[in-house]
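> no sequence on this one, just coordinates:
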């Protein structure tokens, strides 16, 4: 128990250090970006000539970099994230709203991906070298190597009103491919009724499908190789020699040893999924964190951008930390320092 | 000793020679395995196909990559596919079929070059981190964690915005300098395991200086894995390039597949009845990346000691 506790504390400290590192690197990165938002927002009129200087003082841009850094740190931890330059609204408010939509998208597709990926991966491992294995592995790598934005556009076209497929199949569905919910005749303010929920779910289908297809192989391939690793161990041979059925061997010996490595790999895959979500959100005009990031970069909206980067980074670190803890609970063999 | 390790005995050869000797011996051993691996051969033949197109582009492509066509049509821009232009023409009257062929060069060059940059940086970091251990390792690995945690797309866009993408070198540097973290991690864990082998201990016992052990014994033995990893990195780099092009972060005058797709989207290729403009370069990316992944995974399976048991 003492050892487990020590590992757990170590992991927490590491995660904390990493988050601190993200916060520092983020400060440097954002200030490395070219362009001066202050200049680009001040109207080019003579009467506004003092405005640039006024804003500079207002936002503390005249202070030394160190002072600015301390202010940035203070604001970071007090959740006082300031105003977005472009939207003139509190950054925290914008981001938390976006975050919930992104979580819906990433969450749905991650759950689908993990479920299908694990089933496909373990079936392929069980049928190693057989047609199912070859086809699923080949298809997996094929989709894994597909630019996600391109897949998104192709699917968007395939389920649009003018889709060539709808000419052949009368039942071919037309799915909404823009935004999070329908456009203005539809009430825009969110309320928790079936009309809104159903509409949001309908808009979720295509982005989630794209993201799942693009990241499925990440899970299924790893699942397959992880199980095959476990299958070649000597104890599996022993178990078979004892006369256990294939099913029993799979359930009692292979799964318990093959699954734990999956947990940390799924967590690593989250970073990839988030990267994919950026592209999906841009193509589908799905206003979540990813869409907002690209938007903020275009608008030079530094306050928004810097906290987006931190949120993304922290999310990935936390996912890894959670997976470490699950692993600690699952796998008694952990001796990793 | 098996395929796993080769000890370079002669003291007077350079590190490159040493890597070459180890690489050559290992590849003679694994060459047969590659030849008999269906995945590796399929991957290799896809790569050979695209390399051929890239090399033969000047002869295969009827037009230059940015050469405006002028023909007897009522207009020469935004043509849908026809017998003169199998994929139509774009807004500037450039023949898209030729662009796709020329784009093979750019995609391959950008993919391979940026993977090389990423591999060199990642290998150096991984070697130093794994070999020195202690606080150096700790600091490097924490930094690596930070880089891995920042969403890679954002990282890439910010570096791109800072460096300014005006030519191919710019985009190669952007992708290379943001893509070394995974390589560093893989190489580090490999170094950790090589470090414990007998021949390293022997070398240390007879008083070989550390850097010499690192360069002569550890690096050559890690090299095959570096190679397999570089192949996989090429696939990722090609994808990264296309994503950057999609977000219009690409050099203005080069023609890559990602750029062609991005132009197809901007010009509403589907709406004007030319879906091939969007589909064909996309499929090219998919197949090229597929080839690199197949070859890379097969190579990894053959070379990676942990996986070889199967």
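Cool, got the structure. Quantities reported herein were computed from a predicted structural model and do not represent experimental measurements. Residues are numbered from 1 along each chain as shown, chains lettered A, B, ... in the order given.

> Which pLDDT does the model give residue 114?
I went with chain A, as the question did not name one. The confidence metric pLDDT takes the value 88 at residue A:114.

> That was the other one, I meant chain B.
Reading off the model, residue B:114 has pLDDT 93.

> isn't it right up against residue B:170?
No - under the criterion of Cβ atoms under 8 Å, residue B:114 makes no contact with residue B:170, lying 10.7 Å away. Where C-beta positions appear, they are placed from N, C-alpha and C, glycine not excepted.

> With neighbour numbers in mind, choose between the two.
Neighbour tally, residue B:114 and residue B:170, criterion other Cβ atoms under 10 Å in any protein chain shown: the higher count belongs to residue B:114, 27 against 17.

> residue contacts, that one?
By Cβ atoms under 8 Å, 6 or more residues apart in numbering or on different chains, the contact set of residue B:114 is B:171, B:172, B:173, B:174, B:175, B:176, B:179, B:237, B:240, B:241.

> Now do the contacts for the last one.
Read that as residue B:241. Counting by Cβ under 8 Å, 6+ apart, the residues that residue B:241 touches are B:107, B:110, B:111, B:114, B:171, B:175, B:250, B:256, B:258.

> Find the nearest non-adjacent residue to residue A:87, please.
Nearest in space to residue A:87, with sequence neighbours left out and distances taken as Cβ to Cβ, 6 or more residues apart in numbering or on different chains, is residue A:94 at 6.3 Å.

> any idea what that neighbour is structurally, helix, strand or coil?
Under the three-state scheme (DSSP: H, G, I helix; E, B strand; the rest coil), the conformation of residue A:94 reads as helix.

> For it, which residues are in contact?
Residue A:94 sits next to A:84, A:87, A:292, A:304 when contact means Cβ under 8 Å, 6+ apart.

> try residue A:319
Contacts were defined as Cβ under 8 Å, 6+ apart; by that measure residue A:319 touches A:267, A:270.

> What distance do you get for it to residue A:277?
In this structure, residue A:319 and residue A:277 are 13 Å apart, going by Cβ to Cβ, to the nearest Å.

> just residue B:196 next, same as before
Using Cβ to Cβ, we find residue B:196 at a distance of 40 Å from residue A:277.

> and the two? which has more neighbours close in?
Comparing residue B:196 with residue A:277 by neighbour count (other Cβ under 10 Å), the higher total belongs to residue A:277, at 30 against 8.

> picking that back up, can you check what pLDDT the model gives the residue nearest to residue A:87?
86.

> Does the closest residue in space to residue A:166 that isn't next to it in sequence fall in a helix, a strand, or a coil region?
Sequence neighbours aside, residue A:172 is the residue nearest to residue A:166 in space, at 4.1 Å (criterion: Cβ to Cβ, 6+ apart). Classification of residue A:172 by three-state DSSP places it in coil.

> show me the contacts for residue A:172.
Residue A:172 makes contact with A:159, A:163, A:165, A:166 under the criterion Cβ under 8 Å, 6+ apart.

> Could you list the residues of the stretch 101-250 of chain A in contact with chain B?
Applying the criterion Cβ under 8 Å from any Cβ of the partner chain, the portion of the stretch 101-250 of chain A that neighbours chain B consists of A:141-142, A:144-150, A:153-154, A:157, A:162, A:225, A:228-229, A:232.

> now with 7 Å?
Proximity of the stretch 101-250 of chain A to chain B is assessed by Cβ under 7 Å from any Cβ of the partner chain, with A:141, A:142, A:144, A:145, A:146, A:147, A:149, A:150, A:153, A:157, A:228, A:232 identified as the residues in range.

> Filter these down to the buried ones.
Applying 16 or more other Cβ atoms under 10 Å in any protein chain shown to these, the neighbour count classes A:141, A:142, A:144, A:145, A:146, A:147, A:149, A:150, A:153, A:157, A:228 as buried.

> So which of the contacts of residue B:241 belong to helices?
Where those overlap with helices, as defined by DSSP state H, the overlap consists of B:107, B:110, B:111, B:114, B:171, B:175, B:258.

> Of those residues, keep whichever come out buried.
Neighbour-count burial within those applies to B:107, B:110, B:111, B:114, B:171, B:175, B:258; the criterion is 16+ other Cβ under 10 Å.

> Taking those residues together, which two end up most distant?
Greatest spatial distance in those: B:114 and B:258, 13.1 Å, computed using Cβ to Cβ.

> Would you state the helices of chain B in chain order?
Read by DSSP H, chain B holds these helices, from start to end of the chain: B:15-36, B:38-55, B:57-60, B:96-132, B:134-149, B:152-163, B:168-178, B:181-195, B:198-205, B:210-212, B:219-246, B:257-266, B:275-303, B:305-308.
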